[in-house]
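Novice: sharing a sequence plus its predicted fold:
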Amino acid sequence: MTIEAKVEGAPLIKPSSTDHPLYDQVVNACRTVFDPEIPVNIYDLGLVYTIEISPENAVDITMTLTAPGCPVAGEMPGWVADAVEPLPGVKQVDVHMTFDPPWGMDMMSDEARLELGFM
């Protein structure tokens, strides 16, 4: 756990650059990547924690997996980078994996819950 996460009231997940013009395109690109074991994209599963986009259009994505032992743990960041990198205007993409905070089913979107039969 980072020191920032221990500060009372501080978010465990850093906010995304939602006001950046490329943000929606990056989200849509993340929605094209699927966990091979679950028929829902990684964004709606809640695996993408933060999308930071610099003024120079460098994209920094922090994500997790449903479980640390996920068989595609080594490949998933590359899949995400490959989906985002071709977007017009994107200068570079860095994808970081974290397990803090751990993923939970409460992080799924309503669409993902519906798709998986939890609603």
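Specialist: Received the coordinates, thanks.
Novice: for this structure, just list every one of the strands.
Specialist: 48-53, 58-63, 92-97 (DSSP state E).
Novice: burial count for Val95?
Specialist: Here the number of neighbours of Val95 (other C-beta atoms under 10 Å) works out to 20. C-beta: built from backbone N, CA, C; applies to glycine.
Novice: follow-up on the earlier one: next, format the strands of the chain as CSV and append mean pLDDT and distance to Glu37.
Specialist: Output for the strands of the chain, formatted as CSV (pLDDT from 0 to 100; distance: least, C-beta to C-beta, whole Å):
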stretch, mean pLDDT, distance to Glu37
strand 48-53, 96, 17
strand 58-63, 96, 16
strand 92-97, 96, 17
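Novice: select, out of those, the one closest to Asn28.
Specialist: Across these, Asn28 has its closest neighbour in strand 48-53 (11.2 Å, C-beta to C-beta).
Novice: parallel or antiparallel, list what pairs with that closest one.
Specialist: Each strand paired with strand 48-53, and its direction, by DSSP bridges: strand 58-63 (antiparallel).
Novice: residue ranges with poor pLDDT in this structure?
Specialist: Along the chain, the parts satisfying pLDDT under 70 run over 1-12.
Novice: thanks a lot, see you next time.
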